[in-house]
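Novice: next one to model:
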Amino acid sequence: MSEKITLKDNKDFQRLYRKGKSFVSPVLVTYVLKNKSDNLRYGITTGKKIGNAVRRSRSRRVIRAALGELFPNVKGGFDIVFVARGKTSYVKSYVVKEVMISHFKKAGIFKENKR
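Specialist: Below you'll find the model as predicted:
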């Protein structure tokens, strides 16, 4: 099982913005790029356009909650950056989760549950 690690360095974010594949929706933008480890590394950005500190924090919380539920179903070995959009702080985490599933399937990194 891969480990979930957060991205913190600006150079990692810039690399994903430049070389990563992007998936856009009104709620969330997702950048995905293969990394050299077996771990899933992720980062979350919320710009000033989102709103005040309360709105930005809520956006990050909602994104983290959705990713936490999906983590077992995401393949390891990828770097992912989530960029919050204006609507992110106004929706529930299950809406963000559905958008993430859509983005992950398009990127080919979502493992379907086989029951």
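Novice: CA only for contacts and neighbour counts going forward, please
Specialist: Noted.
Novice: the residue nearest to the spatial centre of the chain pairs with what?
Specialist: Centroid-nearest residue in the chain: F82, 3.7 Å away (criterion: CA atoms, centre = their mean). Bridge pairing for F82 (DSSP bridges) gives the partners T30, I44.
Novice: pretty sure it contacts T30?
Specialist: Yes: using CA atoms under 8 Å, F82 is in contact with T30, at 4.7 Å.
Novice: so what's the residue nearest to the centre of the chain up against?
Specialist: Residues near F82 by CA atoms under 8 Å, 6 or more residues apart in numbering: 28-31, 42-45, 63.
Novice: for those residues, give me JSON lines that also has pLDDT.
Specialist: Compiled in JSON lines, the contacts of F82 are given as follows (pLDDT from 0 to 100):
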{"residue": "L28", "pLDDT": "96"}
{"residue": "V29", "pLDDT": "97"}
{"residue": "T30", "pLDDT": "97"}
{"residue": "Y31", "pLDDT": "97"}
{"residue": "Y42", "pLDDT": "96"}
{"residue": "G43", "pLDDT": "97"}
{"residue": "I44", "pLDDT": "97"}
{"residue": "T45", "pLDDT": "96"}
{"residue": "I63", "pLDDT": "96"}
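Novice: and of those residues, the nearest to T88?
Specialist: Nearest to T88 among these is L28, at 6.7 Å by CA to CA.
Novice: so who does that closest one touch?
Specialist: With contact taken as CA under 8 Å, 6+ apart, L28 is in contact with 82-85, 88, 96, 99.
Novice: in strands, which of those residues appear?
Specialist: Within those, residues falling in strands by DSSP state E are 82-84.
Novice: export the residues you listed to CSV and tack on pLDDT and distance to P72?
Specialist: Converted to CSV, these look like this (pLDDT from 0 to 100; distance: CA to CA, whole Å):
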residue, pLDDT, distance to P72
F82, 97, 18
V83, 97, 21
A84, 97, 22
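Novice: take the residues you listed and write them to TSV, including distance to L70.
Specialist: Compiled in TSV, the ones in strands among the contacts of L28 are given as follows (distance: CA to CA, whole Å):
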residue	distance to L70
F82	14
V83	17
A84	18
